[in-house]
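Visitor: Quick one: sequence and predicted model below, then my questions.
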Amino acid sequence: MKKKELYIFNEISRAAVYGIGSYVDQLIKALKDTEWKINIVNLYVQGNEIEIIEKDKYRQINIPFPSNNHYNAKQYYPMVITSLLKDIIPDDKKVEYIFHMNFMSNNNLVKCLKKHFRCKVILVTHYSDWSFSLLGNVHKLKNLLQKPMKALADISGEKIVAGFNEDIKMINSVDYWVCVARHTLETYYKISKICVKKATIIHNALEDIHTPLSNSEKLQLREKYYLKENVKIILFAGRLDEIKGITYLIQAFKMVLATNPDTRLFIAGDGNFNLLLKESADCWTKIYFTGLINKKQLNEFYNIADLGIVCSLYEEFGLVAIEMMMHALPIIVSQTGGLDEIVEDGISGLKVPIRTIKGKRQVDIKRLAENIQFLLNNPVDAQKLGENGRKRFLDKFELSIFKEKMMELYESLCNQ
């Protein structure tokens, strides 16, 4: 029987701290007791030399990016990566090699790897540059793609079109393409007619670490953070980026305070605080910015919060949403991207529409405020939504389900 080695490629970036980093961690946990030898290949690492570190469950390979800032550095980086890996990965015919990509728009790297290694390459799409640039506006993307390159109004439009076309090249060049949500596959297929025979949907997942707390334990946690028993807690967790819709959340929260003054909004994450502080000017004493907090602290807030909110203008999947559902926290999500697929409106959570007004996508602030008020004022209904959310997590997004699907994919590629 052949040995099996998996090389998981990851780019060092802010995304690695949040969604993709969590995905890689969960993938390692899912495969730790299998026959696969796991290697993490980190790209764009700071430093001057390649670094190989033996971890408990995997081997980590750090490949630095040239520090000379030469304009051709990025163009030649795929060849540098391949050359360095050739000295590390033996050409052993008794080994099946799978290269697992977690980023888009690097078709040159895929071509280099397939040229020099006897391997199968899969691509998992966690996000795409166009979705962040256009805040998930598929209609705008279609309009840009229909125009000749010369007719595009600015450089940003040219970059979006070039990036999307590069995505298509990469999808077509890999052996298999994995989407973390159905809308991703449908969007790319409708616009570019890619081959769906080598594509599949495998949702992100989390290891179930929820431990129910008694009322007395929750009170002790509240005392730890100097929170009175009667204070209601709304929790947001994520990057403080425009695409996360936090300004709309703050505006909705101000409306909520008119009827529920004993409510506090906790915003956990790092990013552009200045804009949000300005938006919070009238209610600074009611909103808490924690910065980026560790998992232990975040889990504590999941246990004492009254409801969680993920109000992104666009979300490829929505890992924070399933994390909240795992902890049986009643949630409100925006009706977009992967979030729309994760939550069943009125059953496992509540949804808020995304409106397009004068060409700009924005969260329906009035509906968001109404949903928050409903959950705060109807604790029995809120508890039921939280319980249903946890059940949906266990049925759809728990790690063992993800493990089974990923193992099936890896094995099918080995047997081709």
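Guide: Great, that's in hand.

Visitor: Off-centre distance for stretch 383-395?
Guide: With CA atoms, centre = their mean, to the nearest Å as the basis, stretch 383-395 stands 21 Å off its chain's centre.

Visitor: And stretch 249-267, by the same measure?
Guide: 26 Å.

Visitor: Need the contact partners of that stretch.
Guide: Where contact means CB atoms under 8 Å, 6 or more residues apart in numbering, the residues beyond stretch 249-267 that reach it are 227, 230-236, 240, 246, 276, 279-280, 282-283, 286-290, 301, 305, 309, 311, 363, 365-366, 368-369, 372-373, 376-377. Where C-beta positions appear, they are placed from N, C-alpha and C, glycine not excepted.

Visitor: taking those one by one, which sit in strands?
Guide: With strands defined by DSSP state E, the entries of the contacts of stretch 249-267 inside them are K232, I233, I234, L235, F236, I287, Y288, F289, T290, I309, V363.

Visitor: Among those, give me the pair with the biggest separation.
Guide: Using CB to CB, those span at most 21.7 Å, a distance reached by T290 and V363.

Visitor: quick check, Y97 in a strand?
Guide: Yes - looking at Y97 with DSSP: H, G, I helix; E, B strand; the rest coil, it is inside a strand.

Visitor: ok, it to A321 distance?
Guide: The spacing between Y97 and A321, counted by CB to CB, to the nearest Å, is 34 Å.

Visitor: Same question for R390.
Guide: Noted for R390: a distance of 12 Å to A321, by CB to CB.

Visitor: Compare the two and say which one has the larger neighbour count.
Guide: A321 (29 against 20; other CB atoms under 10 Å).

Visitor: show me the contacts for that one.
Guide: By CB under 8 Å, 6+ apart, the contact set of A321 is G308, V310, E315, I331, V333, L339, I342, V343, G349.

Visitor: Look up the closest residue to the first one, ignoring the ones flanking it.
Guide: I take that to be G308. M324 (3.9 Å; CB to CB, 6 or more residues apart in numbering).

Visitor: doesn't that neighbour fall inside a strand?
Guide: No - counting by three-state DSSP, M324 is located in no strand; its state is helix.

Visitor: Spit out the contact partners of it.
Guide: L235, Y302, G308, V310, I331, G389.

Visitor: ok, the fourth one - how many residues close by?
Guide: Counted with other CB under 10 Å, the neighbours of V310 add up to 28.

Visitor: That one contacts I322, correct?
Guide: No - in this structure V310 lies outside contact range of I322 using CB atoms under 8 Å: 9.8 Å.

Visitor: which parts of the stretch of helix or strand G157 belongs to are buried?
Guide: Per DSSP states H and E, G157 falls inside helix 155-173. Using 16 or more other CB atoms under 10 Å as the test for burial, helix 155-173 gives G157, I160, V161, F164, E166, D167, I168, M170, I171, S173.

Visitor: Show me the helices in the stretch 301-416 of the chain, by range?
Guide: 319-326, 337-342, 365-377, 379-392, 399-414 (DSSP state H, counting those that start in this stretch).

Visitor: With mean pLDDT and distance to V41 as added columns, please give those in CSV.
Guide: What follows is the helices of the stretch 301-416 of the chain, written out as CSV (pLDDT from 0 to 100; distance: least, CB to CB, whole Å):
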stretch, mean pLDDT, distance to V41
helix 319-326, 97, 22
helix 337-342, 96, 26
helix 365-377, 98, 41
helix 379-392, 98, 34
helix 399-414, 95, 17
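
Visitor: Show me the one of these that comes nearest K193.
Guide: Across those, closest to K193 is helix 337-342 (CB to CB), at 21.2 Å.

Visitor: V95: neighbouring residues, count only.
Guide: If you count neighbours by other CB under 10 Å, V95 ends up with 15.

Visitor: In contact with the closest residue to it other than its chain neighbours, which residues?
Guide: Leaving aside its sequence neighbours, V95 sits nearest to K3 (CB to CB, 6+ apart; 4.7 Å). Contact partners of K3, counting by CB under 8 Å, 6+ apart, are E35, K37, D92, K94, V95, E96.
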